[in-house]
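Novice: Return atomic coordinates for the entry below.
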Amino acid sequence: MRLLLDTSVLIFAVDEPERLSKRAVAALQNPENILELSAISLVEIAIKTSLGKLSLSAETAQQALDDLDIRVLRFTGQHALSLFELPRHHNDPFDRQIIAQALAEGITVVASDEKFRLYKGLRVLW
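Specialist: Residues are numbered from 1 along each chain as shown. Okay, the predicted model is just below:
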């Protein structure tokens with residue numbers, strides 16, 4: 001199964017693995033799952049690191065991608081266009097882009113944020 005990881009899931013996996021749910025850990029460890037991270041998540045990490053809100057370096061992020069065998073999912077024009085149809089349940093622009101991407105791709109998102117569950121048709125694993 002394809003799984004799109006929310007940004008916080010990658011951060012938890014690196015810095016605070018105890019914050020991951022048992023279901024999330026099982027999903028990350030299941031070799032049958034295809035783990036993906038939106039390119040938007042890398043933008044979010046870079047911006048928040050430059051603002052001093054995170055301390056995750058590019059090298060650490062790349063190492064986490066390699067260690068967990070996570071592939072980066074490009075954010076396309078089609079993903080961006082799907083934002084026009086997205087209800088305003090959530091104001092975080094990074095999360096909204098990840099939600100739009102997951103809906104456009106038809107893939108499950110791994111996220112702890114309860115607001116993700118408000119989006120009709122979005123499959124959330126936590």
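Novice: okay, Arg23: pLDDT?
Specialist: pLDDT for Arg23: 98.
Novice: backbone phi and psi for it, please?
Specialist: Per-residue torsions, Arg23: phi -60, psi -40 (degrees, to the nearest 10).
Novice: need the contact list for it.
Specialist: Leu125, Trp126 (Cβ atoms under 8 Å, 6 or more residues apart in numbering). Where C-beta positions appear, they are placed from N, C-alpha and C, glycine not excepted.
Novice: Check Phe75 too.
Specialist: Contacts of Phe75 by Cβ under 8 Å, 6+ apart are Ser38, Ala39, Ile40, Gln97, Gln101.
Novice: For Thr60, list the residues it contacts.
Specialist: Contacts of Thr60 (Cβ under 8 Å, 6+ apart): Val14.
Novice: secondary structure element for it?
Specialist: helix 58-67 (DSSP states H and E).
Novice: ditto for Gln97
Specialist: helix 93-105.
Novice: pLDDT averaged over the helix or strand just after that helix, what's the number?
Specialist: Sequence-wise, the next helix or strand downstream of helix 93-105 (DSSP H and E) is strand 108-110. Average pLDDT, strand 108-110: 98.
Novice: Parallel or antiparallel, list what pairs with strand 108-110.
Specialist: Strand 108-110 sits in its sheet next to strand 2-5 (parallel), strand 124-125 (parallel), going by DSSP bridges.
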